[in-house]
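Colleague: predicted model follows, preceded by the sequence.
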Amino acid sequence: MAHDEWVAIEREAELAYFILVCLITLTACVYASVGLGGGTAYLSVMSFWNSDPTILRPTAWALNIVASSTSFQAMLAIALICASLQMLFAKNKAEHRRSKNPPVLPSLLLGMAIGIISGLVGIGGGIVLGPVLIALGWADMKTLAPITSLYILLNSSGALVSFLFTGGNVDLSLTGVFCIAVLAGSFCGSRWGAEKASELVLRRIFGIVALAAGAKLACAYFGLIGG
């Protein structure tokens, strides 16, 4: 192969890499504005670069930390789509009242169940936990972000540590670059979500990302795209 052809290939690879980093930064910004890690979206974006789940899942867990199987897939997809539609078409925040004292035992069981499902699917769990908390009236959009961010941090940390202890490897150089992109996007998104955005706008954003995640899981379940 001629030298000019090698140069052209390298330039195309560099451009693709730059676009990937930009997409991850944008994803982190959007998801962080509503307290989500973006694991489902990171997996979708990175799947255009690499389809190896042993690389994608630990990378997504690492990105979730920085930002703050099939049997479950159908139920999860339906739940996300229904929750997203409820949030998208809610007209005012009075429709989602927050209770003062969520029960301890059901909260623990809920967190454990979502953690198990999230570990199997390879996401941080915030995209599942958020709509459930809203539907149960245990949080509003302004208090949801710190709750889901902490949950994603702990859930993804546990998943990543477990993966490493069982012999898994993480591409540190690539993940490091992505982490910087996520850190920048998450900082901007979380600041905007906490200080500028209204609860209605945040609910719409959460509804859109939940709908996208549910649609992706449904397509994967029916074999329309890769899982």
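Modeller: Yep, it's here.

Colleague: distance check, Gly176 against Ala62.
Modeller: Per CB to CB, to the nearest Å, Gly176 is found 9 Å from Ala62. For every residue, glycine as well, the C-beta is placed using N, CA and C.

Colleague: okay, these two: which has more neighbours?
Modeller: Set side by side, Gly176 and Ala62 show more neighbours around Ala62, with 24 against 13, by other CB atoms under 10 Å.

Colleague: my guess is that one meets Leu172, correct?
Modeller: No: contact between Ala62 and Leu172 fails when scored by CB atoms under 8 Å: they sit 9.3 Å apart.

Colleague: how about the helix or strand harbouring Ala60: buried residues?
Modeller: Ala60 belongs to helix 53-66 when assigned by DSSP states H and E. Using 16 or more other CB atoms under 10 Å as the test for burial, helix 53-66 gives 55-66.

Colleague: burial count for Ala197?
Modeller: Counted with other CB under 10 Å, the neighbours of Ala197 add up to 19.

Colleague: next up, the contacts around it.
Modeller: Applying CB atoms under 8 Å, 6 or more residues apart in numbering to Ala197 gives the contacts 33, 205.

Colleague: where does it fall, phi/psi-wise?
Modeller: The phi/psi pair for Ala197 (degrees, to the nearest 10) reads phi -70, psi 140.

Colleague: check it and give its pLDDT.
Modeller: If you check Ala197, the pLDDT there is 83.

Colleague: distance check, it against Ile127.
Modeller: 18 Å.

Colleague: longest helix in the protein, by residue count?
Modeller: helix 3-32 (DSSP state H).

Colleague: between helix 53-66 and that one, find me the angle.
Modeller: Orientation of helix 3-32 against helix 53-66 (axes from the mean of the first three to the mean of the last three CA atoms, to 10 degrees) gives an angle of 50 degrees.

Colleague: for the helix or strand immediately after helix 3-32 in the chain, packing partners?
Modeller: Proceeding N to C from helix 3-32, the next assigned helix or strand is helix 39-46, under DSSP H and E. When contacts are defined as 3 or more CB pairs under 8 Å, 6 or more residues apart in numbering; DSSP states H and E, helix 39-46 sits against helix 3-32, helix 53-66, helix 126-136, helix 199-221.

Colleague: pull out the buried positions in the particular helix or strand that has Leu183 in it.
Modeller: Element membership for Leu183, per DSSP H and E: helix 172-195. Buried residues in helix 172-195, counted by 16+ other CB under 10 Å: 174-175, 178-179, 181-183, 185-186, 188-190, 192-193.

Colleague: could you dump those to a markdown table with distance to Ala139 and pLDDT?
Modeller: Output for these, formatted as a markdown table (distance: CB to CB, whole Å; pLDDT from 0 to 100):
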| residue | distance to Ala139 | pLDDT |
| --- | --- | --- |
| Leu174 | 35 | 81 |
| Thr175 | 31 | 85 |
| Phe178 | 29 | 87 |
| Cys179 | 27 | 87 |
| Ala181 | 28 | 90 |
| Val182 | 24 | 88 |
| Leu183 | 25 | 87 |
| Gly185 | 23 | 89 |
| Ser186 | 20 | 86 |
| Cys188 | 23 | 87 |
| Gly189 | 18 | 87 |
| Ser190 | 16 | 84 |
| Trp192 | 19 | 87 |
| Gly193 | 14 | 83 |
